[in-house]
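Enquirer: what's the 3D shape of this:
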Amino acid sequence: MALTGDGGDKGVAVEASTHPKSQAESTIAPVQGAGQLVMRQAMAEGASNWEATEKKEAYGGPEDQIDGEVDMDDVAFIELEPEEEDPAAESQWKMLGRYYAQRIPNADQLFERMNVVWQLRTGMTYVPLKDNFFIITFYSKGDFNFVSRGGPWIFKGYPLLVAPFIGAARPSETILNSVPVWTRIYDVQWNKQTQAMGRALGGTLGKGLEVDIDEARQGLNEYLRVRVELPLNRRLQTKITTRVKGKDDLETYELKYERVPYFCFKCGFIGHEKEGVREGDTGVGQIRVQYGVAHIATPEI
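Expert: Residues are numbered from 1 along each chain as shown. Below you'll find the model as predicted:
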C-alpha cells in the first residue's frame, strides 16, 4: 500500500488489487434517480432476488427487503431458572458509597482518608463507578457495621454517603440521597425534653435515627439532641414550628447542626456551591432566612 499526497499534509491510500474481479462478478453502484437512492446490479443470470430489488421504485416496509416472514417483535424474552444462594458471598461485606459533591474527588485520597477515619481493623477495597458512586468491600462484619451505623463521613467538606449494597437491586434503582447528622433543637421546655418529643421534632426534618437523652440530666439541657437522616433534596431547616391540637398558639424552636457537610449559604442545600446557584434557582429569590455559621454547632465529644 502506498500513500500519495496532493502537496499538503493529506494523502490517499492506494493499493494494487491482488485479486481483480472477473467479468462474471457483480458490482454495486449508487445511482440517484426519482429522488431515491437505488442499487443497480450487474449480475449473472438467475439472480432473482437482485432483479426484484432493481424493480422496486418505493420502499414499502421491511418486507420489501427481507426474505421470508418478517418478525416485528422488539422484545427479547427469556424465563430464567431461580438462582441458588451463594454462602461464600455472605463473607463479603459490601457497601454502596456516593461522594456527594459537584466535583469529582481523587478516589485514592478519598479512601486513604476514610481508612484513617474509620480505623479499620481488617481493611477494605473499593471499585469506582460513574457519577461519584463506589462499591466498597470490607473484610469484617465489625468494620462494616461501624461504617454503616456512623457518619456523617466527610472528605474535604463534602459527605461520603453509604448504605448496604443490595446485589439484587438494579443500578437504576440505586438511590443515596440523605446524610445522618446530629441536630440540636434549642429551647425545648424542661418537661418536654423526652425521647417522645425528640422523635416527634426530629421527624419533621427527616428520618429520625436516635435521640440523645442523658437520664442524669433529662430536663436540664439547653437543647434536645437528635440524629436525623437529612434528605438532600430539601434545604436545611433553620427552625421547627409546632402547635398543640385544638390550640392556636405556635411554638418555635431554633436549630443547629453538628458536623454538617458543606451547604450553600445562599440556597441552603447540602453539597451546593454558592457560585453555581443563580437567582431564581430552587426558589432562591424567595428565601426568607439567612444561612451561615450560626447554624453550625461544635460537635459534642
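
Enquirer: May I have the lengthiest helix in the chain exported as PDB, CA atoms only?
Expert: If you go by DSSP state H, the chain has its longest helix at helix 107-118. Once non-C-alpha atoms are left out, helix 107-118 reads as follows in PDB (Å, rounded to 0.1, in the frame of the first residue of the first chain):
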ATOM      1  CA  ALA A 107     -10.600   8.400  44.800                       C
ATOM      2  CA  ASP A 108      -7.200   7.200  46.300                       C
ATOM      3  CA  GLN A 109      -7.100  10.300  48.500                       C
ATOM      4  CA  LEU A 110     -10.700   9.900  49.500                       C
ATOM      5  CA  PHE A 111     -10.300   6.300  50.700                       C
ATOM      6  CA  GLU A 112      -6.900   6.800  52.200                       C
ATOM      7  CA  ARG A 113      -8.600   9.400  54.400                       C
ATOM      8  CA  MET A 114     -11.600   7.200  55.100                       C
ATOM      9  CA  ASN A 115      -9.300   4.400  56.100                       C
ATOM     10  CA  VAL A 116      -7.800   6.700  58.800                       C
ATOM     11  CA  VAL A 117     -11.200   8.000  60.000                       C
ATOM     12  CA  TRP A 118     -12.800   4.600  60.100                       C
END
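
Enquirer: Would it be right to say that residue 183 lies in a strand?
Expert: Yes. Residue 183: assigned to a strand according to DSSP: H, G, I helix; E, B strand; the rest coil.

Enquirer: Report the buried residues of the longest helix of the chain.
Expert: For helix 107-118, the neighbour count (16 or more other Cβ atoms under 10 Å) marks 110, 111, 113, 114, 118 as buried. C-beta here means a position set from N, CA and C on the backbone, and glycine is covered the same way.

Enquirer: Remind me what it packs against, helices and strands.
Expert: strand 124-128, helix 141-149, strand 153-155 (3 or more Cβ pairs under 8 Å, 6 or more residues apart in numbering; DSSP states H and E).

Enquirer: That one versus strand 124-128: what angle between them?
Expert: 150 degrees (axes from the mean of the first three to the mean of the last three Cα atoms, to 10 degrees).

Enquirer: and helix 107-118 with helix 141-149, angle?
Expert: Between helix 107-118 and helix 141-149, the angle comes out at 100 degrees (the same axes, to 10 degrees).

Enquirer: Tell me where the model's unsure across this protein.
Expert: Along the chain, the parts satisfying pLDDT under 70 run over 1-65, 84-91, 216, 218-219, 273-289, 300-301.

Enquirer: That one - how does it break down into domains?
Expert: The record's domain parsing of the chain by automatic domain parsing lists 20-53, 91-173, 178-297.

Enquirer: got those as JSON lines, with distance to residue 80 columns?
Expert: Listed next are those as JSON lines, based on distance: least, Cβ to Cβ, whole Å:
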{"stretch": "domain 20-53", "distance to residue 80": "39"}
{"stretch": "domain 91-173", "distance to residue 80": "13"}
{"stretch": "domain 178-297", "distance to residue 80": "34"}
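
Enquirer: Which of those sits closest to residue 76?
Expert: Closest to residue 76 of these, according to Cβ to Cβ: domain 91-173, at 17.3 Å.

Enquirer: Identify all contacting residues around stretch 241-254.
Expert: Here stretch 241-254 makes contact (Cβ atoms under 8 Å, 6 or more residues apart in numbering) with 185, 186, 187, 188, 201, 238, 239, 240.

Enquirer: May I ask which two of the residues you listed are separated the most?
Expert: Using Cβ to Cβ, the pair of the contacts of stretch 241-254 lying farthest apart is 188 and 238, separated by 15.9 Å.

Enquirer: who has more neighbours, these two?
Expert: A count of neighbours by other Cβ atoms under 10 Å puts residue 188 above the other of residue 188 and residue 238, at 21 against 17.
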